[in-house]
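Visitor: Sequence and predicted structure below; questions after.
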Amino acid sequence: MPKITIIGSGNIGLSLAKGLLAKAYCQAEDITLTRRNIKQMNSEAERGFKLSDNNREAILRADIIVLAVLPQQLNQVLEQINGAIIAEQQLVVSVISGVSCKDIRLQLGDDIQVVRAMPNTAIAIGQSMTCIASDHATDHHMAEVTRLFETVGAVVTINEDLMTSATALCACGIAFFLRSIRAASQGGVEIGFHAHDALKMAVQTAKGAADLLLQMQSHPESEIDKVTSPKGCTIAGLNEMEHNGFSSAFIKGIKLSAERAGGLYKD
Ligand SMILES: NC(=O)C1=CN([C@@H]2O[C@H](COP(=O)(O)OP(=O)(O)OC[C@H]3O[C@@H](n4cnc5c(N)ncnc54)[C@H](OP(=O)(O)O)[C@@H]3O)[C@@H](O)[C@H]2O)C=CC1
Ligand SMILES: O=C(O)[C@@H]1CCC=N1
């Protein structure tokens, strides 16, 4: 069983820990969670995770060290753990947006194996879309990281220069799709449903759309063609959305998020 230390147990760090436990990748006691305010982590202690507010100590027996702090918090963490990582035995996985493998190796040492990963919060339920990349890691380490993230969702290996794009499309993307479900449910209320029914209907409809594409391996437009009866109500609604910039707004949002993701460490 690999031992994992997650440095920075906030939204994504905790989601990863919960997902790994739920999918039986390891036992709770194999995962050490760190943050500065560990007093706020009572429920995690109850789940059986080890807790620490000392990053240097927390990485001592870890096989995999996951960096999951905010970009602006990273330098302090790297100073704390610098010199304590055993290059031949330990692997660093960073989920931090806008920080390259090289940025991390520049501070920790060139012999340290670093893999970047970009999951999303659906990792907590084993449904993440995670992109991974490295500029130098061995095939063995890439396979190990692939196995870890495949336990909690789908994995695509990409070139590191596309990592900020992956951040926008997949990590931010979950918020974009959630907002579109929220918008659908608000529309549902306006045409007559109570809020809880409208939300349930919107969620299941969105799930059906995603599953259609996943299971049929089809293109969205070919599935849309099956819904849009000639002179029908679907094409009327769809075209109204497009006249109001639906696709354009989505694309522009993704582009802006990608731009921001690239600058997060430097800002
Ligand atoms: N949220 C998401 O969906 C995704 C986020 N990411 C990336 O993951 C990183 C974390 O994001 P997110 O989880 O949203 O942020 P959060 O603010 O929720 O989590 C950051 C955590 O780091 C802890 N922390 C800060 N400084 C230290 C330190 N010196 N040692 C140990 N822990 C520390 C904070 O707790 P405390 O203040 O108590 O120390 C906090 O719990 C970011 O770099 C982000 O780009 C990547 C993919 C998806
Ligand atoms: O909003 C953010 O900056 C982080 C990175 C990707 C998802 N959340």
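Guide: Received it, and whenever you're ready, just let me know what you need. Only a predicted model underlies this, so the values are computations on that prediction, with no experimental measurement involved. Ligands and ions are numbered 1, 2, ... in the order given.
Visitor: pLDDT value on the residue of the chain at minimum distance from ligand 1, please?
Guide: Nearest residue of the chain to ligand 1: G10, at 1.8 Å (C-beta to the nearest ligand atom). Backbone N, C-alpha and C define where each C-beta goes, glycine included. For G10, the model assigns a pLDDT of 96.
Visitor: just use 14 as the starting number from now, easier for me
Guide: Shifting the count to begin at 14 puts that one at G23.
Visitor: List the backbone torsions phi and psi for it.
Guide: phi -100, psi -140 (degrees, to the nearest 10).
Visitor: Can you point out the helix or strand that includes I145?
Guide: Here I145 sits within strand 141-146, counting by DSSP states H and E.
Visitor: Spell out whether that strand and ligand 1 are in contact.
Guide: No. On the criterion C-beta under 6 Å from any ligand atom, strand 141-146 is out of touch with ligand 1, staying 8.9 Å away.
Visitor: If we go by neighbour counts, what in stretch 144-163 is buried?
Guide: For stretch 144-163, the neighbour count (16 or more other C-beta atoms under 10 Å) marks C144, I145, A146, S147, A150, H154, M155, E157, V158, T159, L161, F162 as buried.
Visitor: And the average pLDDT for that stretch is what?
Guide: So the average pLDDT for stretch 144-163 ends up being 96.
Visitor: Need phi/psi at the closest residue to ligand 2 within the stretch 64-213 of the chain.
Guide: When scored by C-beta to the nearest ligand atom, the stretch 64-213 of the chain has A184 as its residue closest to ligand 2, at 3.5 Å. With angles defined as degrees, to the nearest 10, A184 sits at phi -80, psi -50.
Visitor: tell me the phi and psi of the closest residue in space to it that isn't next to it in sequence?
Guide: Distance criterion C-beta to C-beta, 6 or more residues apart in numbering; nearest residue to A184, sequence neighbours excluded, is N133 at 4.8 Å. The phi/psi pair for N133 (degrees, to the nearest 10) reads phi -130, psi 170.
Visitor: N133 reaches F162, doesn't it?
Guide: No. Between N133 and F162 there is no contact under C-beta atoms under 8 Å: 11.0 Å.
Visitor: Determine the residues that are contacts of both of these two.
Guide: Taking C-beta atoms under 8 Å, 6 or more residues apart in numbering as the criterion, N133 and F162 both touch S141, T143.
Visitor: one step back: what about the residue nearest to A184, how many neighbours?
Guide: Using other C-beta atoms under 10 Å, N133 has 24 other residues around it.
Visitor: And it, what's its pLDDT?
Guide: 98.
Visitor: Repeat that for N55.
Guide: pLDDT, N55: 86.
Visitor: Check the gap between it and ligand 2 for me.
Guide: From N55 over to ligand 2 the distance is 25 Å, taken as C-beta to the nearest ligand atom, to the nearest Å.
Visitor: That residue and G23, how far apart?
Guide: Distance, N55 to G23, by C-beta to C-beta, to the nearest Å: 16 Å.
Visitor: Looking at these two, which has the bigger crowd around it?
Guide: Ranked by neighbour count (other C-beta under 10 Å), N55 and G23 place G23 first, with 13 against 9.
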